[in-house]
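> What shape does this take:
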Amino acid sequence: MNRTIKIVIVILGILLSVPAAYAQEEKAPEEDSATVNEDLGTVTDAFQENFFEALKQKGIENYELALDALARAERAANGNEENIAVVNFEKGKNLAALERYEEAETNFNSVLSSQPANIDVQEALYDVYYETRAYDKAIPLVKKLIKKDEDYKEDLVNLYNRTKQYDKALELLDELDDAWGESTYRNALRRNIYKVTGNSEGAITNLQDKIDENPENEQDYLNLIFLYSEEGDTEKAFETAKELLKNQPESELVHFALYKFYLDAGQKEKAFKSMDVVFNSTKIEKESKYKVLADFISFVNENPAYEANVDAVVASFNNDGSGEVYETLGKYYASKGEKEVALRFYEKGVKLDDDNYSLLKNTLLLQLDLQKNTEAANLSEEALATFPAQAFLYLLNGVAHNRLGTNDVAIESLETGLDFLLDDPRVERDFYDQLRLAYEAKGDANKAASFKLKAAQIKLDN
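Below you'll find the model as predicted:
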């Protein structure tokens, strides 16, 4: 969490004899673009010159030289509190960059003593506390930052966890889930807290009491389902999920648990309906949906009557702009030997996700396996525009062109690919075999024999 602050300095006055009121810091390209205006008060030429020098040295990461310039600027400030505050802020940032955190903290606190609401300084100080693992000091500071940006609530949860204030962490986790919906990160953090505390029984009793007091709180049910599942009490977890569905029939999140319970209970129709809710839910994260997809594929494998539902499942993923779901389904059908069906899914996925290398490779291999040589030649050329250093793509392109009879194109592609090939004897031998075929087709027996010999000389480990 490196929030670097840019101080924008504005020159007030056209003539050099008029004191400048502001100065401007140039930021390194990788720094954040947050901007804050700071009143520097009346500055002397010496202050301005040294302050600019400090900014320049910091911009090229000469932090020690920047600190020297800031020391001169501080002397030139002649006791002006506003100018000294700006200098201290800059000193703090340079000291933090040098990992002189204690001195950085002193400088940031010096600024906050006169500007307690300065959020830029608060953020810089928080970075120092986090880097030095001073989590107890960070907590009150983050509580102030939350008033400006509620995203810091997740930071506060993390800090509560690190300082072993688990009850506060769990309470805030529930609050965030209620406000923002479920999160893989927060679920993992909650799971870790339960494991660390080892007080599952107490947590279960607490959640049961909360549900009795307020049966409308969906998150309490979900937490209880999770705890029962962790304890291996599947029956109670299933009953809790059904109770939630009964009390809140519109709940979507409950189906993320229910589908698995239904599958285990052999209630296939209900399982598929719950899966369908998960796939179409706007409240369940994409990563969680992919986990359900894996179970769905196994489900269809055992229940072929549900294969007609595959297109509907895929349609629910169409808006995520990812080819991962199509790749998963393609692998499933390829494993069943249904190559034509698998290729249709792979090709749909490539259209959505043309920078997914494994998806491109699987698609090309299946196109070549099914003698879709023109399609393989075109796709491999497109893939090479995205992955110009992938030797295997040149090999597949060469195979496609050899089959199409465009042997000169094949030779050019194969020879280029060899330049990118690292230590992979099996693939190297395939390159030589394809070059042999290309030269045989051209009638160049000498070169064909040369590549045949090179292929034969490669020893492969069994």
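
> so Ala54 makes contact with Ala66?
Yes. The pair Ala54 / Ala66 is scored as a contact, 4.6 Å apart, by C-beta atoms under 8 Å. C-betas here are computed from N, CA, C, even on glycine.

> which residues does the closest residue to Ile139 other than its chain neighbours contact?
Distances taken as C-beta to C-beta, 6 or more residues apart in numbering place Leu159 nearest to Ile139, at 5.2 Å, with adjacent residues excluded. Applying C-beta atoms under 8 Å, 6 or more residues apart in numbering, we find Leu159 in contact with 135, 138-139, 142.

> just the residues you listed now: which is nearest Asn309?
Val142 (46.7 Å; C-beta to C-beta).

> Tell me how many other residues surround that closest one.
23 (other C-beta atoms under 10 Å).

> ok, back up a step: need the residues touching each of Ala54 and Ala66.
With C-beta under 8 Å, 6+ apart as the test, Ala54 and Ala66 both reach 90, 94.

> With Glu239 as the reference, measure out to Ser183.
Using C-beta to C-beta, to the nearest Å, Ser183 is found at 26 Å from Glu239.

> Give the helix, strand or coil label for the residue nearest to Ile139.
helix (DSSP: H, G, I helix; E, B strand; the rest coil).

> Could you measure from it over to Lys137?
Counting by C-beta to C-beta - Leu159 and Lys137 are separated by 10 Å.

> Lys236 contacts Ser229, correct?
No. The criterion here is C-beta under 8 Å, and Lys236 misses it with Ser229 at 9.1 Å.

> got any ranges where the stretch 51-200 of the chain has weak pLDDT?
Low-confidence segments of the stretch 51-200 of the chain (pLDDT under 70): 182, 184, 199.

> any idea how far Thr363 is from Thr416?
Thr363 is 21 Å from Thr416, by C-beta to C-beta.

> Which of these two has more residues huddled nearby?
Using other C-beta under 10 Å as the criterion, Thr363 and Thr416 rank with Thr363 on top: 29 against 15.

> Give me the packing partners of the helix or strand hosting the more buried one, helices and strands only.
Element membership for Thr363 (DSSP states H and E) is helix 357-369. If contacts are counted by 3 or more C-beta pairs under 8 Å, 6 or more residues apart in numbering; DSSP states H and E, helix 357-369 sits against helix 324-335, helix 339-352, helix 373-386, helix 391-404.

> Which positions within the third one qualify as buried?
Just to be clear, that refers to helix 373-386. 373, 375-377, 379-380, 383-384 (16 or more other C-beta atoms under 10 Å).

> Show me what it is packed against.
Against helix 373-386 (3+ C-beta pairs under 8 Å, 6+ apart) you get helix 357-369, helix 391-404.

> List of residues touching that helix?
Contacts of helix 373-386 (C-beta under 8 Å, 6+ apart): 350, 354-355, 360, 363-364, 367-368, 390, 393-394, 396-397, 399-401, 403-404, 406.

> quick one: it to helix 391-404, angle?
150 degrees (axes from the mean of the first three to the mean of the last three C-alpha atoms, to 10 degrees).

> I'd like the average pLDDT over helix 373-386.
Mean pLDDT, helix 373-386: 95.

> Can you verify Ser298 is assigned to a strand?
No. Counting by three-state DSSP, Ser298 falls outside a strand, being helix.

> number of nearby residues for it?
Other residues close to Ser298 by other C-beta under 10 Å number 12.

> can you pull the contacts of Ala241?
Here Ala241 is in contact with 221, 225, 254, 257-258, 261 (C-beta under 8 Å, 6+ apart).

> Quick one: residues contacting the nearest residue to Asn280 once chain neighbours are set aside.
Nearest-residue entry for Asn280: Ser316, 4.9 Å, with adjacent residues in sequence omitted and distances by C-beta to C-beta, 6+ apart. The contact partners of Ser316, taken as C-beta under 8 Å, 6+ apart, are 276, 279-280.

> Next, work out how far apart Asn78 and Ile84 are.
9 Å.

> And the two? Which one has more around it.
Counting neighbours by other C-beta under 10 Å for Asn78 and for Ile84 shows that Ile84 has the greater number, 19 against 13.

> need the contact list for that one.
The contact partners of Ile84, taken as C-beta under 8 Å, 6+ apart, are 74, 77.

> Okay, and it sits in which element?
Ile84 belongs to helix 81-97, assigned by DSSP H and E.

> now the angle from the next helix or strand after that helix to helix 81-97?
Downstream of helix 81-97, the next assigned helix or strand under DSSP H and E is helix 101-114. Angle of helix 101-114 versus helix 81-97, following the same axes, to 10 degrees, is 150 degrees.

> What are the buried residues along the following helix or strand past helix 101-114?
Using DSSP H and E, the helix or strand that follows helix 101-114 in sequence is helix 119-131. Under the neighbour-count criterion of 16+ other C-beta under 10 Å, helix 119-131 has 119-130 buried.

> What of stretch 348-357?
Buried, per 16+ other C-beta under 10 Å, within stretch 348-357: 348-350, 352-353, 356.

> before we move on, back to that, which two of the contacts of Ala241 have the greatest separation?
Greatest spacing in the contacts of Ala241, by C-beta to C-beta: Tyr221 and Phe261 (13.6 Å).

> And these two? Which one has more around it.
More crowded of Tyr221 and Phe261, by other C-beta under 10 Å: Tyr221, with 25 against 21.
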